[in-house]
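A.B. asks: Pasting the sequence and the predicted coordinates here, then a few questions.
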Amino acid sequence: MLRKNIAIDLGTANTVVWVAGVGIVANEPTVVAIQADSNKVIAVGEDAKKMLGRTPEALIASCPMRDGVIADYQVTEAMLRYFIGKVLGRFQLFKPNVMVCVPAGCTQVERRAALDATLAAGAGHAYLIDEPLAAAIGAGIPVSAPSGHMIVDMGGGATEAAVISLGGVVVHKSVRVAGNKVDEAIANYLKKKHNLIIGDQTSEEVKLKIGSATPMAKEEKLEISGRDLVFGLPRSVVVTSSEVTEAIKPTLFQIIGAVKGVLEDTPPELASDIIDKGIVMSGGTALLRNFDKLITQETGVPAHVADEPLLCVVRGTGLVLENIELWRRSISTRG
C-alpha cells in the first residue's frame, strides 16, 4: 500500500491525527496563528494556543472550528495541510487517503466544506464519517450487532447523542453545547457574582481543576486572576467547587436534554438493550468529574465513561479507514 491512510478527528477544541501502522501521531489544540496582512500560518496547535488572547495587531490567533463544524474555511485548510505535511514528511509521491469525522447533525453544505478542505490540503481521497459512529467503534462497542447501543460524544463544540444498531445510526440528536459552553458558563458566573472578567483559558483551567457536575464531598478552592469589571484593574478571587457546580448546571442540563430526547425517540426493542448495556460517554467533556453520575441520576440509565474518551473518535475513524469496504455505506467520499 503506497498511499498512507490518515484519520483526523477535527474537533472544536483538539485535533487528533492517527496514521495506519503507526497510531496516534498528533494531539494538539485546534488553534492557528496567522499573520494579519499575508495570511501566512505562523503556528499551529500547542504553540498557537499559548498566543490566544495575547497577540499583537499583526498576528491573529483563532479557532477555525466552531460548534463541531468549519467556521473559517481557509484557516482550516491551512491547518489540515500542516497536519498532513507533518505526517508525510517532505517527499511523498502518492497523496494519502484521509478520513475526517463530522457531527451527525451537520448540513450538506458543512459536509461539502469538510471534504473540499481535506482535498485542498493535499489528500488524494477524502472520506467523511459521522462522529457518533466513529466514537462508538473507537470505544469498542460491537456496532454491527443487531442490538442497541447508546453513545454520547461530548467534545468542545458539540454534543452528539446517538443510538447505534447494525452498523448505523438509528436515532441521533446533536446540540451545539459542550465543553466550550461549560467554560463560557463559568466566565459568565464570575462576571455576575464577582464582577471579574476572565479569559477562555482561565475558565477552562477552573473547570479542569475544581469543576464537578454534582456537589463534591470535600469542597475545593482555586485562586484565579482577571480584570475587575468596575475599576478595570487586575484582581484575584478565590472560587469554590460548589460555585462552579452551580455555574455549569444549566449547561449540563442542556446536554442531558439531548440524551433524554434520544431515549424518548428510541424504538422499544432498542430501548430495552440500552437499559441493559447503559450509556457510553466519550469526548473531552465526559472527563468532567461526576458527570456520569449526573446522567445516571437524571435518566435512570447507567452511564459510564469509555477508556481514553478523548481518543475514541480518532481510533474509530482509523478502524473504519483500514476496513473501508465493510463500512462503505456509512461514509461519504470524494477524490
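C.D. replies: Done, it's in.

A.B. asks: three-state assignment of the residue of the chain most remote from its centre?
C.D. replies: What lies farthest from the middle of the chain is residue 231; by Cα atoms, centre = their mean that is 36.6 Å. Following DSSP: H, G, I helix; E, B strand; the rest coil, the label given to residue 231 is coil.

A.B. asks: And it, how close does it get to residue 195?
C.D. replies: Separation of residue 231 from residue 195 (Cβ to Cβ, to the nearest Å): 9 Å. (C-beta placed from N, C-alpha, C; glycine too.)

A.B. asks: Now do the helices for the chain: every range, in order, please.
C.D. replies: Ranges of helices within the chain are 46-51, 73-88, 108-120, 131-138, 179-194, 200-210, 241-265, 268-277, 291-299, 312-322, based on DSSP state H.

A.B. asks: Buried deepest among the ones you listed, which one?
C.D. replies: helix 131-138 (a mean of 31; mean count of other Cβ atoms under 10 Å).

A.B. asks: Quick check: mean pLDDT of it?
C.D. replies: Helix 131-138 carries an average pLDDT of 93.

A.B. asks: tilt between that helix and helix 312-322?
C.D. replies: 80 degrees (axes from the mean of the first three to the mean of the last three Cα atoms, to 10 degrees).

A.B. asks: Under the pLDDT cut-off, which ranges of the chain? List them.
C.D. replies: Scanning the chain for pLDDT under 70 picks out the ranges 1, 90-91, 335.

A.B. asks: Leaving out chain neighbours, which residue sits closest to the residue positioned nearest the centre of it?
C.D. replies: What sits nearest the mean C-alpha location of the chain, by Cα atoms, centre = their mean, is residue 155, with 2.8 Å. Nearest residue to residue 155, sequence neighbours excluded (Cβ to Cβ, 6 or more residues apart in numbering): residue 283, at 4.5 Å.

A.B. asks: what's the answer for residue 229, then?
C.D. replies: residue 195 (4.2 Å).
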